[in-house]
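> need a structure here:
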Amino acid sequence: MRYVIIGTSAAGLAAAEVLRARDREGSITLISEEEHLPYSRPLLTYLLGREIKPEKIFLKSADFFAHLRLTAILGEPVVKVNPVTCEVRLGNQKAIPYDRLLIASGARPRLLNIPGQDLTGIYTLRHLADVDRLEAGLAPGGTVVVVGAGAVGLKVADCLVSRGLTVKLLARGSQPLSRILDPVSADLLMQVIKEKGIDLHLHSWPEAILGKQGRVTGVALNDNRELKAQAVIFSVGVEPRVEFLAGTNLAEAGGIRVDSFMRTSVPEIFAAGDCCLPHHLITGQPAAFHIWPAAVAQGQVAGANMAGGRRRYDGILPQNSISLKGFRIITGGHFAPDTADGEIYTELDLPRRRYRRLVFQEGRLVGVTLVGEVEQAGIYFQVMAQKLPVRGLVADPKSKDFHPGKLWG
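I've put the predicted structure just below:
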């Protein structure tokens with residue numbers, strides 16, 4: 001059996017390991033346009049912030065591929081997949097045949113279609129090479145505009161201000177993370193942002209990047225203001241990397257649809273990770289949530305089924321982790337109930353900056369926001385994932401003295 005995996009990040013690696021455990025003799029080829037050994041994408045901001053040493057970013061040792069008898073094609077992009085001939089074509093025009101294919105190509109940073117994006121001093125943070133570019137291009141003591149106050153944008157701003165740069169952070173709305181944080185948790189976050197010295201601009205968005213002699217000099221905002229800067233970092237979300245599937249009907253705007261076995265509309269082709277659209281665990285609808293643990297789980301399911309298994313993927317439970325030095329927020333599930341009988345319970349400890357917000361629907365916990373004290377988030381997520389009725393729990397989550405550990409008696 002010839003297995004080919006496009007992508008060597010979370011989903012691709014997980015699939016390869018499961019595949020080799022189930023099929024000792026089949027050939028397994030992994031393809032990546034990146035030349036590096038597999039590394040942890042979530043740790044890129046920590047590397048940028050110099051919170052970890054460069055060697056800690058790598059997930060596997062140099063002998064990983066040889067140890068599992070995997071063929072690695074690194075530094076070569078995939079330009080086309082042909083489901084008719086069962087081939088993957090590379091940028092060098094070499095064709096790689098397959099019997100089973102996993103598309104785990106991930107996602108790319110989204111940019112805004114505004115003037116000036118071709119200037120020197122424009123950055124994103126998605127790949128290890130991006131960290132190298134930032135290290136080489138950021139002037140000590142300079143000013144950086146970070147566009148987008150999502151989880152990654154916040155972490156990037158925190159990293160840069162800790163390195164002595166002046167950071168101006170742009171949020172389109174009235175608060176950061178308006179889709180996942182209510183006003184109380186957002187206010188706690190904004191207090192921390194201010195204390196860290198990050199200059200947060202609300203209701204602000206760039207209409208053009210300003211430059212001189214080919215280099216960034218500032219940003220023109222939607223309210224006619226101009227912010228001076230030597231660099232601009234875009235953190236405005238991602239889009240699936242599926243351009244090589246043009247003409248196959250495998251992909252749509254949001255990614256690749258898969259069933260509960262991570263199989264696409266073509267039986268021999270599977271998809272996992274940030275490029276695909278698995279179903280939401282609570283709603284059952286196709287949804288994309290780009291989180292590392294979900295990509296690993298999807299890759300494991302895909303790998304097992306490529307080798308002939310019938311393993312099901314339960315679905316994505318949306319999760320978000322906002323981590324600034326000394327302050328954390330974790331959210332998961334629904335932001336608000338979908339039905340009239342839904343309920344939202346909140347508990348605020350302002351002096352200690354701790355906040356708990358629980359969303360209930362049809363007698364079950366379907367959403368959680370934890371600010372400050374986040375160590376027990378996993379237990380809340382288990383309650384949601386298992387869809388446990390609240391009345392059947394041994395402890396009431398809405399009680400003042402509630403602790404998640406009490407749920408297990």
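
> could you pull out the strands for the stretch 301-409 of the chain?
319-324, 327-333, 343-349, 354-361, 364-371 (DSSP state E, counting those that start in this stretch).

> Tell me which residues of the fourth one come out buried.
Using 16 or more other CB atoms under 10 Å as the burial criterion, the residues of strand 354-361 that qualify are Tyr355, Arg356, Arg357, Leu358, Val359, Phe360, Gln361. Placement of C-beta: from N, CA and C, glycine included.

> ok, which stretches of the stretch 201-350 of the chain are helices?
Assigned by DSSP state H, counting those that start in this stretch, the stretch 201-350 of the chain shows helices spanning 292-306.

> Straight-line length of stretch 259-273, end to end?
13 Å (CA to CA, to the nearest Å).

> what's the model's confidence in that stretch, averaged?
Averaging pLDDT along stretch 259-273 yields 97.

> again with stretch 145-153
Average pLDDT, stretch 145-153: 96.

> The closest residue to His280 other than its chain neighbours: neighbouring residues, count only.
Closest residue to His280 apart from its sequence neighbours, by CB to CB, 6 or more residues apart in numbering: Ala287 at 4.2 Å. Close neighbours of Ala287, defined as other CB atoms under 10 Å, add up to 17.

> ok, Ala287 touching Leu277?
Yes. Counting by CB atoms under 8 Å, Ala287 does reach Leu277; the two are 6.7 Å apart.

> Name the SS class of the residue nearest to Ile269 when sequence neighbours are not counted, please.
Among residues not flanking Ile269 along the chain, Leu101 sits closest, at 4.8 Å (CB to CB, 6+ apart). State at Leu101, reduced to three classes by DSSP: H, G, I helix; E, B strand; the rest coil: strand.

> which strand residues sit across from Leu101 in the sheet?
Val4, Ile269 (DSSP bridges).

> any idea how far Gln382 is from Leu365?
To Leu365, Gln382 is 10 Å away according to CB to CB, to the nearest Å.

> between these two, who's got more neighbours?
Between Gln382 and Leu365, Leu365 has the larger neighbour count (other CB under 10 Å), namely 25 against 14.

> Let me know whether the more buried one touches Tyr380 as I believe.
Yes. Here Leu365 reaches Tyr380: they are 6.9 Å apart, a contact under CB under 8 Å.

> For Thr143, list each beta-bridge partner.
Here Thr143, judged by DSSP bridges, has bridge partners Thr166.

> Around it, count how many other residues there are.
Around Thr143 there are 17 other residues, counting by other CB under 10 Å.

> One more: Arg2?
When neighbours are counted by other CB under 10 Å, Arg2 registers 14.

> quick one, phi/psi of it?
Dihedral pair for Arg2: phi -110, psi 110, per degrees, to the nearest 10.

> ok, it to Gly26 distance?
From Arg2 to Gly26 the distance is 7 Å (CB to CB).

> got it, and Asn82?
For Asn82, the distance to Gly26 (CB to CB) stands at 21 Å.

> Those two: which is more packed in?
A count of neighbours by other CB under 10 Å puts Gly26 above the other of Asn82 and Gly26, at 16 against 13.

> Not counting its neighbours along the chain, what's nearest the more buried one?
In space, and not counting its chain neighbours, Gly26 is closest to Met1: 3.9 Å by CB to CB, 6+ apart.

> cool, and Gly106?
Asp274 (4.6 Å).

> same question, Gly342
Closest residue to Gly342 apart from its sequence neighbours, by CB to CB, 6+ apart: Gln361 at 4.4 Å.

> and the one you found, what is it in contact with?
His334, Pro337, Asp338, Thr339, Asp341, Gly342, Glu343 (CB atoms under 8 Å, 6 or more residues apart in numbering).

> Distance check, the nearest residue to Leu43 once chain neighbours are set aside against Pro83.
Nearest non-adjacent residue to Leu43, counting by CB to CB, 6+ apart: Ile57, 5.2 Å away. Relative to Pro83, Ile57 is positioned 35 Å away (CB to CB).

> hang on, the earlier thing: most widely separated two among the contacts of Gln361?
His334 and Asp341 (13.7 Å; CB to CB).

> Which of the two has more residues huddled nearby?
Neighbours per residue, other CB under 10 Å: of His334 and Asp341, the larger number sits with His334, 21 against 9.

> Pretty sure the more buried one sits against Phe360.
No. With contact defined as CB under 8 Å, His334 does not reach Phe360; the gap is 9.7 Å.

> Could you pull out the residues contacting both of those two?
The contact sets of His334 and Phe360 overlap at Val366 (CB under 8 Å, 6+ apart).

> Now do Thr5 against Glu239, distance only.
Actually, residue 5 is Ile. It isn't Thr. Look at Ile5 and Glu239: by CB to CB, they are 21 Å apart.

> what's the domain layout of the protein?
2-108+238-306, 122-234, 329-408 (automatic domain parsing).

> Where does pLDDT dip in the stretch 301-409 of the chain?
Scanning the stretch 301-409 of the chain for pLDDT under 70 picks out 405-409.

> change it to 80
Where the stretch 301-409 of the chain drops to pLDDT under 80, the residues are 339, 395, 398-409.

> before we move on, the earlier item: who's the residue nearest to Gly342 bridged to?
Taking DSSP bridges, one obtains Arg364 as the residues bridged to Gln361.
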